[in-house]
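Chemist: Fold the following.
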Amino acid sequence: MPGSPTSALGRIVVIGRGRLGGALAQALAEVGADVLGPLGRDRSKQSFDTADVVLICVPDDAVQSVATSIPNGPVVGHCSGALTLDVLDPHAGFSLHPLIAVSTRGAEFAGAACAIASRTEAALGVALELARRLDMHPIAIADRDRALYHAAASMASNFLVTLETEAQRLGALVGLEREHLAHLAQTALSGWAELGGSALTGPIARGDESTVARQRTAVAERANRLLPMWDALVRATRQLAAERDA
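Modeler: Numbering: from 1, shown residues only. Just a heads-up that it's a prediction; the model follows:
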């Protein structure tokens, strides 16, 4: 539980000064871990002299080069959602990817899911202990499923921000502000969290095709660049409505 000592993990070195590296280092320190970092990729090899665990929190294309620069000894893990364990060679390490959105304001790890993978029991134990100390729920994701797992995560988080930003731009044309649409989006997301696809509302769910047609005409006239996205979302929403009513 949060607040428990983390001496079983030993010294944890966090590499990567981005949002996730900073948030993880802070959260681990707050539950009593012995944390060094976050360090930049230009850290010295002496950084690992007393390390028991190394967490790599750098962009995906830099993980492998960082891993190969770490001497044998500590248990090495990366925090990428998309990468497999191959990038950690020659270390028989682990991966640990908190399923959260990390903003400039930090992150809330408690209660979040956490994708883990490992090739050894010892490394698996480290991943599970890290997840437990941060009060996350570990979910084993095999290497063969990493890309699909990360696609689902991107759709649920990254694509959501894109969608809401485009809705904001449409709304701005008629005087709506982000806070107005944010309240609507939050209620819709809360409904989906509780009910799944059956929470769908709106003209497509009601079968009100004349309203849908008027919406499309307005988008075509005022924001034509959005038509491909609009049409794709209408098709997907019609399919969801059909599945709900089947």
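Chemist: Distance of the residue of the chain most remote from its centre relative to residue 232?
Modeler: Counting by CA atoms, centre = their mean, the extreme residue of the chain relative to its mean C-alpha position is residue 210, 38.0 Å from that point. Computed as CB to CB, to the nearest Å, the residue 210 to residue 232 distance reads 21 Å. Placement of C-beta: from N, CA and C, glycine included.
Chemist: follow-up on the earlier one: ok, the residue farthest from the centre of the chain - contacts?
Modeler: Residue 210 sits next to no residue when contact means CB atoms under 8 Å, 6 or more residues apart in numbering.
Chemist: go on, residue 89?
Modeler: Residues in contact with residue 89, defined by CB under 8 Å, 6+ apart, are 67-68.
Chemist: next one: residue 101
Modeler: Contact partners of residue 101, counting by CB under 8 Å, 6+ apart, are 107, 157.
Chemist: Apply 6 Å and report the result again.
Modeler: By CB atoms under 6 Å, 6 or more residues apart in numbering, residue 101 lies in contact with residue 157.
Chemist: looking at this, it is in a helix?
Modeler: No - following the definition DSSP: H, G, I helix; E, B strand; the rest coil, residue 101 is coil and is not counted among the residues of a helix.
Chemist: Where does pLDDT dip in the protein?
Modeler: Screening the chain residue by residue with the criterion pLDDT under 70, one finds the ranges 1-7, 44-45.
Chemist: which stretches of it form helices?
Modeler: Taking DSSP state H as the test, the helices found in the chain are 19-30, 60-68, 121-133, 146-156, 158-172, 178-195, 203-206, 209-222, 227-245.
Chemist: Could you tell me the angle between the direction of the first one and that of helix 121-133?
Modeler: Helix 19-30 and helix 121-133 meet at an angle of 80 degrees, taking axes from the mean of the first three to the mean of the last three CA atoms, to 10 degrees as the criterion.
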